[in-house]
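Enquirer: what's the 3D shape of this:
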Amino acid sequence: MLMQALIDGRFQSRYGSGSCLWRFYGWQPHAVTLGYNQDIAAIDTLRCLREGIDVVRRPTGGRAVFHAEEFTYSFFAETGEPNAVIYRWVHEVIMHALESLGIHAEFCRSTLDESRGNGAPVTCFTASARYELQVTGRKLVGSAQRRTRQVLLQHGSLPLTGKHRELSGLVAGGDQEASAATLREMERKTVSLQEVLGYIPRYDTLVGLMRRAFFRLHGIEMVMLERHELEGFLGHGQAT
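Expert: Below you'll find the model as predicted:
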């Protein structure tokens with residue numbers, strides 16, 4: 001809905017041409033998101049139902065992600081800049097926010113191997129794209145994009161804990177050995193804020209760090225939108 005508000009111009013009419021939108025959020029209940037073209041049969045939906053885990057399809061491609069204890073962001077803009085430029089630009093903001101926590105994250109310079117040949121199911125967090133953020137070679141932020149005409153959506157996950165790895169037990173048709181192999185891959189290739197810092201930062205702390213990082217880099221202050229403002233251009237009762 002937020003992306004559509006930029007596509008049809010409602011957002012720009014209200015906040016001005018050239019305005020961009022950031023959204024920060026979490027997940028309750030926890031959920032598995034499937035890539036736009038991913039077969040839902042890849043996930044054990046019955047187990048997810050029993051455990052109260054939603055299964056939804058996101059507008060971007062890629063593979064499954066388990067959204068549990070994480071800090072999630074979305075970025076929306078009407079722009080003619082290439083996707084790769086925006087990808088790096090957004091991650092630079094996140095990188096500077098992490099620096100304020102004492103975390104030295106680096107860009108991934110090349111794509112990691114998606115599989116080590118062990119037959120383990122591949123998830124989004126077991127492969128890194130260029131300009132995604134890693135700490136000591138392990139992926140910390142996973143992101144994806146979708147463009148419709150000149151409007152770009154980029155969203156991504158910053159795990160607060162290692163709970164995202166529980167996706168290894170939600171893959172359909174996998175025996176214990178396959179699940180264990182997937183878990184080992186995720187442990188080898190991913191990391192969470194808790195594992196880096198030894199504690200879990202508060203959600204509002206992370207929001208504040210993102211706002212300050214954006215201001216330091218671009219000299220523009222993020223203005224927080226109230227629920228009634230979102231409802232004004234999304235439609236009454238639609239905002240979350």
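Enquirer: pLDDT (mean, whole number) over stretch 77-95?
Expert: The average of the pLDDT scores along stretch 77-95 is 95.
Enquirer: Next up, the contacts around the most centrally placed residue in the chain.
Expert: Centroid-nearest residue in the chain: Gly156, 1.4 Å away (criterion: Cα atoms, centre = their mean). Taking Cβ atoms under 8 Å, 6 or more residues apart in numbering, we find Gly156 in contact with 72-73, 90, 141-144. C-beta here means a position set from N, CA and C on the backbone, and glycine is covered the same way.
Enquirer: Can you list the low-confidence ranges for this structure?
Expert: Scanning the chain with the threshold set as pLDDT under 70 gives 110-129, 174, 236-240.
Enquirer: And the strands in the protein, which stretches?
Expert: Counting by DSSP state E, the chain has strands at residues 21-25, 31-34, 54-57, 65-67, 70-78, 106-107, 133-135, 138-148, 151-159.
Enquirer: among these, which is the most enclosed?
Expert: For the strands of the chain, the largest average neighbour count (mean count of other Cβ atoms under 10 Å) is found in strand 65-67, namely a mean of 25.
Enquirer: Who are the packing partners of that one?
Expert: Packing partners of strand 65-67 (3 or more Cβ pairs under 8 Å, 6 or more residues apart in numbering; DSSP states H and E): strand 31-34.
Enquirer: what's the strand it packs on packed up against?
Expert: Against strand 31-34 (3+ Cβ pairs under 8 Å, 6+ apart) you get strand 54-57, strand 65-67.
Enquirer: One more pass at 10 Å, please.
Expert: Judged by 3 or more Cβ pairs under 10 Å, 6 or more residues apart in numbering; DSSP states H and E, strand 31-34 is in contact with helix 45-50, strand 54-57, strand 65-67.
Enquirer: quick one: which of these is nearest Gly208?
Expert: Comparing those against Gly208 with Cβ to Cβ, the closest turns out to be strand 65-67 (21.8 Å).
Enquirer: now the closest one: how far from the chain's centre is it?
Expert: Computed by Cα atoms, centre = their mean, to the nearest Å, the chain-centroid distance of strand 65-67 equals 9 Å.
Enquirer: Name the strands paired with that strand and say parallel or antiparallel.
Expert: Strand pairing for strand 65-67, using DSSP bridges, gives strand 31-34 (antiparallel).
Enquirer: residues making contact with the partner strand?
Expert: By Cβ atoms under 10 Å, 6 or more residues apart in numbering, the list of residues contacting strand 31-34 from outside reads 27, 40, 42-45, 48, 52-60, 62-68, 123-124, 144, 155, 157, 166-167, 170-171.
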